[in-house]
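1. Task: produce atomic coordinates for the following.
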Amino acid sequence: MAAVVMLDRIQRRRLLKQAHDKAKDRELAQAKEIEKAYTELRSTQVQLIQSEKLASLGNSPQALPMKFKTR
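-> Presented below is the predicted three-dimensional model:
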């Protein structure tokens, strides 16, 4: 009887460890996805800021003489 109880405890521990390992793997995969999305977001943000700066230069009064010179 004691051997059966001992085997049951060992099996439960093994199952708990497997469940814990799977949860940890899922968490790491999610963290990697979040990191990738954040990196892409930052890159897009930098590009947007650069585009806005260039667009604002095109509409500034200082840019008017340049427009006339290039025509």
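
2. where's the longest helix along the chain relative to the chain centroid, distance-wise?
-> In the chain, ranked by residue count with DSSP state H as the criterion, the top helix is helix 2-58. Centroid separation between helix 2-58 and its chain, computed with C-alpha atoms, centre = their mean, to the nearest Å, is 8 Å.

3. Kindly report the same for stretch 46-62.
-> How far stretch 46-62 lies from its chain's middle: 28 Å, per C-alpha atoms, centre = their mean.

4. for the chain, what helix or strand is lowest in average pLDDT?
-> helix 63-69 (a mean of 57; mean pLDDT, DSSP states H and E).

5. quick revisit: same question for the longest helix of the chain, mean pLDDT?
-> Regarding helix 2-58, the rounded mean pLDDT is 94.

6. Any figure for the gap between residue 19 and residue 13?
-> Distance of residue 19 to residue 13, given as C-beta to C-beta, to the nearest Å: 11 Å. (Glycine included, C-beta is placed from N, CA and C.)

7. what about residue 57, distance to residue 51?
-> 11 Å.

8. Residue 5: neighbour count?
-> 9 (other C-beta atoms under 10 Å).

9. Then residue 2?
-> So residue 2, with other C-beta under 10 Å, has 6 neighbours.

10. Distance of it relative to residue 14?
-> On the measure of C-beta to C-beta, residue 2 and residue 14 end up 19 Å apart.

11. same check, this time on residue 57
-> The separation that residue 57 has from residue 14, given C-beta to C-beta, amounts to 65 Å.

12. Please apply the same query to residue 1.
-> From residue 1 to residue 14 the distance is 21 Å (C-beta to C-beta).

13. neighbour-wise, which of the two wins?
-> Set side by side, residue 1 and residue 14 show more neighbours around residue 14, with 10 against 5, by other C-beta under 10 Å.

14. And the contacts of stretch 44-54?
-> Stretch 44-54 has contacts (C-beta atoms under 8 Å, 6 or more residues apart in numbering) with no other residue.
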